[in-house]
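*Asks:* Sequence first, predicted model second:
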Amino acid sequence: MTDLPTDLVLEDFQTLPQLLSARVEASGSEMAYRFWTGSAWRPVTWLEFHRRILETATGLVRLGLKPADTVAIIGETRPEWGLTDLAVLVAGGTTVGLHPMSAPAQLVPVIRRIGCRMVAIQDTDQLEKLRLVADQLDSVEKIILWKGADRVDAEREISLFQLNRLAREGGHQSRDELAALQAGIDGQQVANLFVTPGTTATPKIVPLTHANLLAALRSVSRLGIFRPRDHTVSYLPMADAGEKILGFYNRIATGLVTSFSRGPAFLLEELAEVRPTVFGATPAFFEMAHDVLSGRIERGGPAARALFAYALKVGRQAMPFVASGRPLPPLLKTRHLLIDALLFKKLRENLGGRLRCTYVGGAPLRREVLETFFAMGIPLYELYGLTETAAVATTNRPGTCHPGSVGKAVPGVDLSLSERGEILIRGENVFAEYLDDPQATADAIDAKGWLHTGDLGRIDGEGYLWITERRLNLITLTDGKTIAPRNIEQLIQRHRAVASAFVVGDRRPHLTALISLDPAVLGELVDKLKLSGAELERCCREEALVRHIQKAVAQANEELSPAEQVRDFRILPRGLSLDLGEVTPNRKTRRSVVLDNFSSLIDEMYP
């Protein structure tokens, strides 16, 4: 087998199954991925992966999957996720990924709204979750279980093993039917649906066609960054567009090999063992790695701290040259080589020692973390994209990088700013419409085809995009998870004593909240809770009142996924003020002003 050129996706492929077939033809005997068996890494070739995909696709067709039917996938990032996804696409269907940590109450409205006919799940934990709401999932005809075949109910549930046995029973007739289904897929058919948080309690659903996805892959390919036989580690959620498109589908396009991580707790260990050449992660990972490194240096004593401080100084001096691809001045080059040999080379070994390209996105990255990794010889290239742009819009890359920016527009993508500085994006990768939401679509895409991102930024003289403010009200945690706070706030506000709740957490590791109380209800609570009085400033920190409001937060958390749960809160010491700009004359709350005015309370919750 010969290596597949990295520009293959520039050719006239219309669908992802066509791209997959080309990859298998070119690189069939090469390793596609490997996974941990419990004692060793087990490699799987493209030919073996493709055989399993076709078998599962055949089983799905025999199970009743029809063209354009949607299958929901609920599970952690693992080989079965990609196998199921591609099997559905090969059978002419559409997939939607849902986060495995989602509560049953969050899964039901999405599955019902989309009308999923089948749901593929990881294990019995997910199965028990769906059984709790089985009577509400009218459209679901079959639940496919990857692991735990002994627990399935024959009426509605089937294991992946049983599904593949069903496929083998079909013989040549089923394979011929599958081939006919693939021939009937065109580029304008929806391949993926993504559930993305909006500014309301109802999430938006983004359909992306095969053409959208291939346009994004063409843009990445034209950058010339990835090479066949590059190796990476996959750990981010495949329910998100970034990992699914720039990770999973991009590996098909470029021939990258991946090792599927056992989970975030094992990631540092796996990077050292697997020794990837390219890697993508959220800021939370690099911030964690930075903190681990800083702790080790601190414990190393005065000499280690002095050496590291000097090394960072030299590395930061070299950063502008490394970022722009320019040669270092002779004296700086000598110092840099020396400090690299003494320290940085050893530190890079903690992440495998072979990283050539390291990408970070999904949330802003702390400047000190960016500079430390650049200094160590692991440049972090920040990128920017939305689910609506098939995860790609701009990126930094080797030799063309301004640290702190999110790079230049990728090939095939137009980038502009509105008069008020809103970032506008246009290209074949941009989605056409939200599912069943014409108003949201009209608000997002104008008559000239520009997607209004809701993010504010500036474009410098060299074409680099700098994000100045994230989407209004949306919260981006440091691990890249995007949270829409309104639904969480509404759940807390169901308690009659709560007048308003303000969820906090942008660029923070978890959510907290500021809570404003209803003065009338507070008056009722004075005797009941034996408070010192009804003056908020005096009683807002009294243990009895805090415990009472904690119940409201706990009840809300029961209906939320772990990432959406509020970990801490503070009761505001006074009501919201019109004079201070916290509310408008018609009593609408100005969130940004409230958060600014009570910033000291917020800081208490993030020691």
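*Replies:* It's in.
*Asks:* Nearest residue to the middle of this protein?
*Replies:* Nearest residue to the geometric centre of the chain (CA atoms, centre = their mean): residue 240, 4.4 Å.
*Asks:* residues in contact with that residue?
*Replies:* Residue 240 is in contact with 97, 194, 387, 480, counting by CB atoms under 8 Å, 6 or more residues apart in numbering. Every C-beta, even on glycine, is put in place using the N, C-alpha and C of the backbone.
*Asks:* how does it look with 10 Å?
*Replies:* Counting by CB atoms under 10 Å, 6 or more residues apart in numbering, residue 240 touches 77, 97, 99, 194-196, 246-247, 282, 362, 387, 391, 480-482.
*Asks:* what's the answer for residue 370, then?
*Replies:* Going by CB under 10 Å, 6+ apart, the list of residues near residue 370 reads 283, 286, 290, 319, 360, 364, 379-380, 382, 403-404.
*Asks:* and these as JSON lines, adding neighbour count, distance to residue 190 and pLDDT?
*Replies:* As requested, the contacts of residue 370 are exported to JSON lines (neighbours: other CB atoms under 10 Å; distance: CB to CB, whole Å; pLDDT from 0 to 100):
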{"residue": "283", "neighbour count": "25", "distance to residue 190": "31", "pLDDT": "84"}
{"residue": "286", "neighbour count": "22", "distance to residue 190": "34", "pLDDT": "90"}
{"residue": "290", "neighbour count": "18", "distance to residue 190": "40", "pLDDT": "85"}
{"residue": "319", "neighbour count": "18", "distance to residue 190": "43", "pLDDT": "94"}
{"residue": "360", "neighbour count": "25", "distance to residue 190": "29", "pLDDT": "94"}
{"residue": "364", "neighbour count": "18", "distance to residue 190": "32", "pLDDT": "75"}
{"residue": "379", "neighbour count": "23", "distance to residue 190": "36", "pLDDT": "94"}
{"residue": "380", "neighbour count": "21", "distance to residue 190": "34", "pLDDT": "96"}
{"residue": "382", "neighbour count": "24", "distance to residue 190": "30", "pLDDT": "96"}
{"residue": "403", "neighbour count": "19", "distance to residue 190": "37", "pLDDT": "94"}
{"residue": "404", "neighbour count": "16", "distance to residue 190": "36", "pLDDT": "91"}
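*Asks:* So which of these is the closest to residue 346?
*Replies:* residue 290 (16.2 Å; CB to CB).
*Asks:* Surely residue 263 is in contact with residue 76?
*Replies:* Yes. Look at residue 263 against residue 76 with CB atoms under 10 Å: they come within range, at 7.2 Å.
*Asks:* which residues are common contacts for the two?
*Replies:* Joint contacts of residue 263 and residue 76 (CB under 10 Å, 6+ apart) are residue 235.
*Asks:* the more surrounded of the two?
*Replies:* Neighbour tally, residue 263 and residue 76, criterion other CB atoms under 10 Å: the higher count belongs to residue 76, 20 against 12.
*Asks:* Apart from its chain neighbours, what residue comes closest to the more buried one?
*Replies:* Excluding its sequence neighbours, the residue lying closest to residue 76 (CB to CB, 6 or more residues apart in numbering) is residue 100, at 5.6 Å.
*Asks:* what does residue 96 give?
*Replies:* Counting by CB to CB, 6+ apart, residue 193 is the residue found nearest to residue 96 once chain neighbours are left out, at 3.9 Å.
*Asks:* Give me the distance from the one helix or strand the one you found maps to to the chain's centre.
*Replies:* Following DSSP states H and E, the helix or strand that holds residue 193 is strand 190-196. Averaging C-alpha positions (CA atoms, centre = their mean, to the nearest Å) puts strand 190-196 13 Å from its chain's average.
*Asks:* what's the following helix or strand after it?
*Replies:* strand 204-209.
*Asks:* how about that following strand: buried residues?
*Replies:* By neighbour count on 16 or more other CB atoms under 10 Å, the buried set for strand 204-209 is 204-209.
*Asks:* Select from those the entry with the lowest predicted confidence.
*Replies:* Within those, residue 204 has the lowest pLDDT, namely 92.
*Asks:* quick one: that residue from residue 245, how far?
*Replies:* Between residue 204 and residue 245 the distance is 17 Å, computed by CB to CB, to the nearest Å.
*Asks:* what's around residue 124, how many residues?
*Replies:* By other CB under 10 Å, the residues close to residue 124 number 15.
*Asks:* Now do the contacts for it.
*Replies:* If you count contacts by CB under 10 Å, 6+ apart, residue 124 has them with 131, 145, 147-148, 150-152.
*Asks:* what are the ranges of the helices in the stretch 301-450 of the chain?
*Replies:* Secondary structure of the stretch 301-450 of the chain by DSSP state H, counting those that start in this stretch: the helices cover 302-324, 330-339, 345-348, 367-376, 438-444.
*Asks:* Comparing these, which comes out most buried?
*Replies:* The highest average neighbour count among the helices of the stretch 301-450 of the chain, using mean count of other CB atoms under 10 Å, belongs to helix 367-376 at a mean of 20.
*Asks:* How far does that one sit from its chain's centre?
*Replies:* 23 Å.
*Asks:* quick one, it and helix 330-339 angle?
*Replies:* 90 degrees (axes from the mean of the first three to the mean of the last three CA atoms, to 10 degrees).
*Asks:* what's the angle from helix 367-376 to helix 302-324?
*Replies:* Using the same axes, to 10 degrees: helix 367-376 against helix 302-324 is 90 degrees.
*Asks:* Using CSV, write out the CA atom coordinates for helix 367-376.
*Replies:* Presented in CSV, the C-alpha positions along helix 367-376 are these (Å, rounded to 0.1, in the frame of the first residue of the first chain):
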residue,chain,number,x,y,z
ARG,A,367,-0.7,33.9,28.6
GLU,A,368,1.8,32.4,31.1
VAL,A,369,0.9,28.9,29.9
LEU,A,370,1.3,29.8,26.3
GLU,A,371,4.7,31.3,26.9
THR,A,372,6.0,28.4,29.0
PHE,A,373,5.1,25.8,26.4
PHE,A,374,6.6,27.9,23.6
ALA,A,375,9.8,28.3,25.6
MET,A,376,9.9,24.6,26.2
